[in-house]
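Asks: predicted model and sequence below, questions to follow.
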Amino acid sequence: MKNWLLKDESGSASVEFVILAIPLFLPIFIFLAQFSEVSVKEMNARTLVREIVRTYVTSENLDNAGARATTVMQYGAQRLGFTNSEIDSMSLSFDCSSHSCLSPGERVRADLRFILPISHRIVHVSAQEYVSPWQ
């Protein structure tokens, strides 16, 4: 009877699968979790930078434009679920197609960079908008 129990292999396939599956699938799950985090943050950052550049080009003057853009960045980042460390690491820059950023028809590009705290990846997103000629 004892010999029969040792020769019975029922259920051994499931044990072997678990022993092999955990080391093989665990890195895949970790990768997918990291990929998901980065994708969500990049998508939210693209939304944020579009709103920032819209705010910038609808401003009345350059002094007001920078202050409004910073306010939208702070408020929008909080509303979109960015952590305080991500918000603190955000840097925002603007590039204009000529020397006068807010003249009608001008192209304004905003670049937003920040660091993800867990993976230490740098996320860089940008958006551009044109100043309305009827403004």
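Replies: Perfect, thanks for sending it. Since the structure is predicted, the reported quantities are computational estimates derived from the model, not experimental observations. Numbers count the residues shown, from 1 in each chain.
Asks: tell me which helix or strand comes right after whichever strand or helix holds Lys41.
Replies: Taking DSSP states H and E as the definition, one finds Lys41 inside helix 12-57. Moving toward the C-terminus from helix 12-57, the next helix or strand (DSSP H and E) is helix 62-79.
Asks: next one: Arg109 from Ser93, what distance?
Replies: Arg109 sits 9 Å away from Ser93, going by Cβ to Cβ, to the nearest Å. Every residue, glycine included, has its C-beta placed from N, CA and C.
Asks: these two - which one has more neighbours?
Replies: Arg109 (16 against 10; other Cβ atoms under 10 Å).
Asks: list the contacts for the more buried one?
Replies: Residues counted as contacts of Arg109 (Cβ atoms under 8 Å, 6 or more residues apart in numbering) are Val53, Phe94, Asp95, Cys96, Ser126, Ala127, Gln128.
Asks: of those - the most surrounded one?
Replies: Val53 (24 neighbours).
Asks: list the contacts of it.
Replies: Contacts for Val53 (Cβ under 8 Å, 6+ apart) come out as Ala69, Phe94, Val108, Arg109, Ala110, Ala127, Gln128, Glu129.
Asks: quick one: least confident helix or strand in the chain?
Replies: helix 2-7 (a mean of 56; mean pLDDT, DSSP states H and E).
Asks: sweet, I'm off.
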